[in-house]
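[1] below are the sequence and a predicted model for it; my questions follow.
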Protein chains: 2
Amino acid sequence: MTIVAIDAMGGDNGVAPVVEGLKEALNNKEFKAFLVGDEGILKSFLDKNNLSNSKRVEIIHTTDVFPMNEKATNAHKRKDSSIFRVIEIVKDGIANTCVSAGHSGATMSLATTQIGRINGVLRPAICTYMPTIGSNPSLILDVGANTDCKPEYLVDFALMGYYYSNFVVGIEAPRVGILSNGEEDCKGNELTKEAFRILKESDILGKSFIGNVESSDIFNASTDVIVCDGFVGNLVLKASEAVAGTISKILKNEIKRSFYRIMGAFLLKDVFRALKNKVDYAEYGGAFLLGIKKPVIISHGKSNARAIECAIYQALKAHDSKVYDKISDVFANFKNLKDTK
Amino acid sequence: MTIVAIDAMGGDNGVAPVVEGLKEALNNKEFKAFLVGDEGILKSFLDKNNLSNSKRVEIIHTTDVFPMNEKATNAHKRKDSSIFRVIEIVKDGIANTCVSAGHSGATMSLATTQIGRINGVLRPAICTYMPTIGSNPSLILDVGANTDCKPEYLVDFALMGYYYSNFVVGIEAPRVGILSNGEEDCKGNELTKEAFRILKESDILGKSFIGNVESSDIFNASTDVIVCDGFVGNLVLKASEAVAGTISKILKNEIKRSFYRIMGAFLLKDVFRALKNKVDYAEYGGAFLLGIKKPVIISHGKSNARAIECAIYQALKAHDSKVYDKISDVFANFKNLKDTK
């Protein structure tokens, strides 16, 4: 049975959504969970959710929580923090995978140094699902791990994203594109042009490399994996969230201005729900690290129970698909390919 | 009376929206227009719109149109194209400002070489209005002129954006921020960190420089001028448009699935119209160049009549505000400041 380590204390909303999300996930999937945090507090929440006697939940006691406003680099010093312990038990092989809604920089930093990079991967990337008008979400990476990239990093991202899309999302031949300011081969900045050249000339992805894509291709189901540096990815991701949020705010403000409008909104409530489900981060379970030896899921700091539940599914799927082993194999060979270049 | 040169042929939708937009603008504002394009065709459209006898419209005849799929660098060879002639009469002082919905790269390239850069400005930038939840739109630049920037370019963008926001948008003390992956001073990539340092240490903008801002600050009315390199700006702008478009598509698809939903949407038609007005590019009249000696407005290739009308207002406001003279003055002094660094 797959074992998931869960940081029960790191998120902005405390323990409640973590235990509620875990309960829902336990109802739907076979797995075992280590819940890392203050035993007294966790026990009371497990009680409330009728999980006290579950043989599939075990508490690992620690009272320290790494604060959201702390520098990521300090994470290594707080060896009793819930996030440190979570990463540690994955490193030690006690758990197969983990989920944290805590400090994302700390999670990434600990995962890289403790669990370690896959041999041959130059830099780990943060990858996230994006909603599309099609039936599958797209993947975009990097969305924040590396603010300044070398072209070779983007090549690694392309390769890792390809296999994740293939093994976990289940796309047979994922289409991989470089995020650029135009679709033509000549478009891009110095970084993306060189990454384009390497991907084209090395032919590592064959026809799966579809060249440059634009921001609209993130959402229009034309591309399965979108590759960019972590600075660009972070800005594009946050802009997308901000636009969706702003539109929702404008609609709400406008709707409450008259009775007819409120009635109209009532008739459209299923429409708005369908839209929310499509664009809601919670449904996608958060971001994850690629380039690390084990699956590490980084949930949103403000995760609700549904987000934690989906993050657990994500962790299980990532582990059970064996995609991390596959990526290790690929990079073992890819490293030779790089060395002989 | 201010004189506007208008490319009547360059846009994707041909002459009709240009003449209709011009007619509406003439009804609302005092100005004179040179309409550049095929005399025969233009005359028939002026006839249709009862503008044949207007003393405020003059045709400049040319039949050549620079195609959208042509390389921008070829624009200099086609001296009879409508866009070439438009830029030429601004350069020659026959018109004060201009509007084109044609090839944006060609427009930018011709404007830079013919009209010329303002002394001291390292690179011109494309600037555009963005909708906010507040009463004023924000400005973002560069959104596409410079894919690879040096920190000093971003400093120039900050300064030009500041005065445009002040003179044209009418903000008393515009808040200028660098688009970054976090608000903390330490966030950013190498480019933005260095631009941050120069802006902070030189204190050119004083308290108006508010440091790093995030993508959400484009829309939440917390920042008046957002500065970034042209690659990042282009991707963020297109991502924003794509998200708004995707949400609209999902809503439309969901609404038509039942009679109740259609009724609900009918009751909300004013809500959707208000939203559309807020996010519609047409209301903002397109992008414009900053760093060139005269105002050059680059409308969307797919501009409708309303977009052309607003682009003309934009051109008039930019000229009449004398912001381009102000920027020239500022950079004359700023140049000395740079030289003595």
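    Happy to help now that I have it. Residues are numbered from 1 along each chain as shown, chains lettered A, B, ... in the order given.

[2] use CA for all of it now, contacts and neighbours both
    Fine.

[3] tell me where the stretch 201-341 of chain A has helices.
    For the stretch 201-341 of chain A, helices defined by DSSP state H, counting those that start in this stretch occupy the ranges A:230-255, A:259-267, A:269-279, A:305-320, A:323-339.

[4] between the ones you listed, which gets nearest to residue B:21?
    Closest to residue B:21 of those is helix A:230-255 (C-alpha to C-alpha; 27.8 Å).

[5] count residues in the vicinity of residue A:27, would you?
    Residues within reach of residue A:27, counting by other C-alpha atoms under 10 Å in any protein chain shown, total 9.

[6] how about the nearest residue to the residue in chain A positioned nearest to chain B, chain neighbours excluded?
    With C-alpha to the nearest C-alpha as the measure, residue A:264 is the residue of chain A nearest to chain B, at 3.9 Å. Leaving aside its sequence neighbours, residue A:264 sits nearest to residue B:264 (C-alpha to C-alpha, 6 or more residues apart in numbering or on different chains; 3.9 Å).

[7] could you measure from the nearest residue to residue A:137 once chain neighbours are set aside over to residue B:255?
    Using C-alpha to C-alpha, 6+ apart and skipping the chain neighbours, the partner closest in space to residue A:137 is residue A:131 (4.9 Å). Counting by C-alpha to C-alpha, to the nearest Å, the gap from residue A:131 to residue B:255 is 19 Å.

[8] contact partners for residue A:191?
    Residue A:191 makes contact with A:149-151 under the criterion C-alpha atoms under 8 Å, 6 or more residues apart in numbering or on different chains.

[9] then residue A:2?
    If you count contacts by C-alpha under 8 Å, 6+ apart, then residue A:2 has A:30-32, A:95-96, A:316, A:319-320 around it.

[10] mind doing that once more with 10 Å?
    By C-alpha atoms under 10 Å, 6 or more residues apart in numbering or on different chains, the contact list for residue A:2 reads A:30-33, A:95-97, A:315-317, A:319-320.

[11] quick revisit: so the residue nearest to residue A:137 touches residue A:282, yeah?
    No: between residue A:131 and residue A:282 there is no contact under C-alpha atoms under 10 Å: 11.5 Å.

[12] off-centre distance for stretch A:267-287?
    Centroid separation for stretch A:267-287 versus its chain: 18 Å, with C-alpha atoms, centre = their mean, to the nearest Å.

[13] got the buried residues for that stretch?
    Residues of stretch A:267-287 classed as buried by neighbour count (16 or more other C-alpha atoms under 10 Å in any protein chain shown): A:267-268, A:271-272, A:275-276, A:278-287.

[14] in the residues you listed, find the pair that's most separated.
    Maximum distance among the buried residues of stretch A:267-287 (C-alpha to C-alpha): 34.1 Å, for A:267 and A:287.

[15] any chance of the contacts of residue A:2 in TSV, with distance to residue A:50 too?
    Formatted as TSV, these follow (distance: C-alpha to C-alpha, whole Å):
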residue	distance to residue A:50
A:30	17
A:31	17
A:32	16
A:33	15
A:95	23
A:96	25
A:97	24
A:315	23
A:316	23
A:317	26
A:319	27
A:320	27
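
[16] what sits in contact with each of residue A:131 and residue A:282?
    Joint contacts of residue A:131 and residue A:282 (C-alpha under 10 Å, 6+ apart) do not exist.

[17] one step back: looking at the buried residues of stretch A:267-287, which is nearest residue A:163?
    Closest to residue A:163, out of all of those and judged by C-alpha to C-alpha, is residue A:287, at 16.1 Å.
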